[in-house]
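Asks: How does the following fold in three dimensions:
(chains A and B)
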Number of protein chains: 2
Amino acid sequence: MNQTIPMFPTSFLPELRLRWKHLQEAMEETNLQGLLISSNVNLYYVSGRVFSGFTYLPLKGDPLFFVRRPVGLSGADVHYIRKPEEIGTYFQQQGLPLPQTLGLESDAISYNEYQRYEAIFHPATIQNGSALLRRVRNLKTDWEIEQIRRSGRLHTQVYHTIPSLYHPGMTDIELSIEIERQARLAGSLGLFRIFGQSMEIFMGSLLAGDNADTPSPYDFALGGAGQDTSLPVGGNGTPLKEGMAVMVDMGGNFTGYTTDMSRVFSIGTLSDLAYRAHDCSLAIQREIERIAKPGTPAKDLYNTALEMTTAAGLADYFMGHNQKAGFVGHGIGIEINEGPVLAPRSKDILARGMVFALEPKFVIPGVGAVGIENSFAVQETGLEKLTLCEEKILNLS
Amino acid sequence: MNQTIPMFPTSFLPELRLRWKHLQEAMEETNLQGLLISSNVNLYYVSGRVFSGFTYLPLKGDPLFFVRRPVGLSGADVHYIRKPEEIGTYFQQQGLPLPQTLGLESDAISYNEYQRYEAIFHPATIQNGSALLRRVRNLKTDWEIEQIRRSGRLHTQVYHTIPSLYHPGMTDIELSIEIERQARLAGSLGLFRIFGQSMEIFMGSLLAGDNADTPSPYDFALGGAGQDTSLPVGGNGTPLKEGMAVMVDMGGNFTGYTTDMSRVFSIGTLSDLAYRAHDCSLAIQREIERIAKPGTPAKDLYNTALEMTTAAGLADYFMGHNQKAGFVGHGIGIEINEGPVLAPRSKDILARGMVFALEPKFVIPGVGAVGIENSFAVQETGLEKLTLCEEKILNLS
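Replies: Now for the predicted structure:
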């Protein structure tokens, strides 16, 4: 291949430098001399692209990029390798000192990968680099927030089409398919990136009626049986019928960053309890919008939600009925499950640049799931809502 | 929750027992007294469902299931836990001897998970359980092959609709979206399961024209730029134009098992070179169908393909042009990248029950990708083709 393309455009360098600086500040605090990154998510974070290979970030100075694939990437700090051990060879040839303390992505890479990379940098003391990366990634840069804002606008545009996609006689899956198509036409990349393996999902979930009450193995706010035991989450082929609540919780994957938004639709009229619970969700959201700002403990947001729910006599239905989720919100970014976690024992403290999905939801037996989910950025003065779309229950029939 | 559902239906027990037996035979060979499984893929393999938790398979007898979520699973060997350490407590309380040698999924679980599970079974000697599981999973049971056969039928049904989905003026992505919709309507679960992190993809790839020649970081046969640097694979918005080859390589994810199939469509007439290369792919497939049977080294299949390609003067275009894939086929099953690998240095030997995708492909500059991909099961007497669909280049215009 004669053509080469730069590792990243020059115009993107200031953004990357900012991220490297944040990481290096965190490395300084934890006494880390080097950080070796190989997961797709973190490679994307530090280089703006996914490649097969490694980024080595030293405590001072610019990172080195060790690339296996694709061919043709160029840049002063791009070095092609065939296997990880050539990183060690490169250090030796260049007379670079090996770090005495090294961060590896011990929560993200396999045991065998870790062992292999550790040997290259022996006898460096290894620390948990994935925890450090997650902590830094929790505080989004303005550029990152703008990506999420853009995703939110497109996500909203897709949700606006939902009433026009419904036809009587549809199943949950059939309605989901039409929403998926609209999302793809609007530019959705489709793929969800998820930290760990506590979740697997296709483009999102659409829960109708009592399927919303089917416990799932995954760590989502709500469950659903899914279509097959190999992927037990979301829609299960439920025919949409009068009196059912339909919760649409499809991902907003329009950029490398995800937005999360849920809206509820009804087939005809729902029970009074369902409307009351939905109103409670909106009230919880309003209260959290009022109190959340830099410095607010994330657990206070969960506790506020739980107190309001209990006061309204709705605790039995809060965040699931047969099985309950232990949180009312979660950070979003390159992955759908970042920090902060809005849970009773969360140690996270809100800070400017955090972006999270707030999703107070209720499962009403015989009706389905109601409630709200929006994505918010934490700004100096409070929350900025990134997913702006009608919040009341819309009757599709 | 008052209702419980069995961990697996009684009717499925014989199938599961067969898998447990295969695993236990492999454990016997490698002197393994216990195997602790926690990855979603392998939990699905040993239980027929995905759950959050662990399966402990002893060398003799039935496995124990330690479940965190979902609530409500029942069965003699189902034990609810909140954290992995309770597995150790259970062994102690029941007076069960801890294994002296234990398999952990060291290629699939993170370093930190591994450390945590190792501590529970201390001082057991730990071996690579994921390699053992992959080896056993490479030999599919008749039930598993039937799932793949079923997926192949649905996959074919979707591909039959492709000519009716094309409209002049479409982009690659727009055509892809309509195929994705047909796949979902036919029951596709959408999600791809992939071993390791060398690949990420949405529902598959559709490569038109020179985008097929864009090198990708991923370990797929071909690349494509994708729509965003966060997911650099597949279609990139190329308008479909006269003289272009369009290769459709969408996954067949209709069950917990994947089929893989590619077909080529043309917009008008392609260059002679493109048709000649396509014919060479079909000839390679015929020759491999003729020679492949239990006992055939997988590397022979690759070498056969390469020799035929070289003899035809097409080596420059084989398995990519700017960047070449180093294989001509790969095992499929619960994951899209299982064994055997059809590559020059593969040590795999074909055996009854293996299922693989064979994908001799060429990238012709100025035209696009041509070639064929089908899924095959290795039966006693040779290969059974599981994806039956017109193989010549179909003109869409």
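
Asks: The closest residue in space to A:Ala292 that isn't next to it in sequence: which element?
Replies: Among residues not flanking A:Ala292 along the chain, A:Leu383 sits closest, at 5.2 Å (C-beta to C-beta, 6 or more residues apart in numbering or on different chains). Just so you know, the C-beta spots here come from the backbone N, C-alpha and C atoms, and that holds for glycine as well. For A:Leu383, the host element (DSSP states H and E) is strand A:382-385.

Asks: Would you mind identifying the next helix or strand past that strand?
Replies: strand A:394-395.

Asks: Which neighbours in the sheet does that following strand have, and how are they oriented?
Replies: Strand pairing for strand A:394-395, determined by DSSP bridges: strand A:263-266 (parallel).

Asks: now the partner strand: how far from the chain's centre is it?
Replies: 22 Å (C-alpha atoms, centre = their mean, to the nearest Å).

Asks: One more: stretch A:70-79?
Replies: 29 Å.

Asks: Span of it from start to end?
Replies: Start-to-end span of stretch A:70-79 (C-alpha to C-alpha, to the nearest Å) is 12 Å.

Asks: still on that earlier bit, mean confidence for the strand holding A:Leu383?
Replies: Taken as a whole, strand A:382-385 carries a mean pLDDT of 98.

Asks: how far away is the residue nearest to A:Ala292 from chain B?
Replies: 26 Å (C-beta to the nearest C-beta, to the nearest Å).

Asks: Let me see the domain layout of chain A.
Replies: A:5-137, A:142-395 (automatic domain parsing).

Asks: now, of these, which is deepest in the fold?
Replies: Scoring these by mean neighbour count under mean count of other C-beta atoms under 10 Å in any protein chain shown gives domain A:142-395 as the most buried, with a mean of 21.

Asks: Let's see the distance spanning that one from one end to the other.
Replies: OK, domain A:142-395 end separation, C-alpha to C-alpha: 37 Å.

Asks: correct me, but A:Arg352 touches A:Gly382?
Replies: No - in terms of C-beta atoms under 8 Å, A:Arg352 does not count as a neighbour of A:Gly382; the distance is 10.3 Å.

Asks: any weak-confidence spans in chain A?
Replies: The model of chain A has pLDDT under 70 over residues A:1-2.

Asks: In it, what residue spans correspond to helices?
Replies: A:13-29, A:40-47, A:85-94, A:111-120, A:129-137, A:142-160, A:162-165, A:172-185, A:272-291, A:298-311 (DSSP state H).

Asks: Kindly reformat those helices as JSON lines containing distance to chain B.
Replies: Below are the helices of chain A laid out as JSON lines (distance: least, C-beta to the nearest C-beta, whole Å):
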{"stretch": "helix A:13-29", "distance to chain B": "12"}
{"stretch": "helix A:40-47", "distance to chain B": "6"}
{"stretch": "helix A:85-94", "distance to chain B": "17"}
{"stretch": "helix A:111-120", "distance to chain B": "4"}
{"stretch": "helix A:129-137", "distance to chain B": "8"}
{"stretch": "helix A:142-160", "distance to chain B": "9"}
{"stretch": "helix A:162-165", "distance to chain B": "12"}
{"stretch": "helix A:172-185", "distance to chain B": "4"}
{"stretch": "helix A:272-291", "distance to chain B": "19"}
{"stretch": "helix A:298-311", "distance to chain B": "19"}
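
Asks: OK, now which residue of the stretch 101-250 of chain A is nearest to chain B?
Replies: Nearest to chain B in the stretch 101-250 of chain A, going by C-beta to the nearest C-beta, is A:Ser230, at a distance of 3.0 Å.
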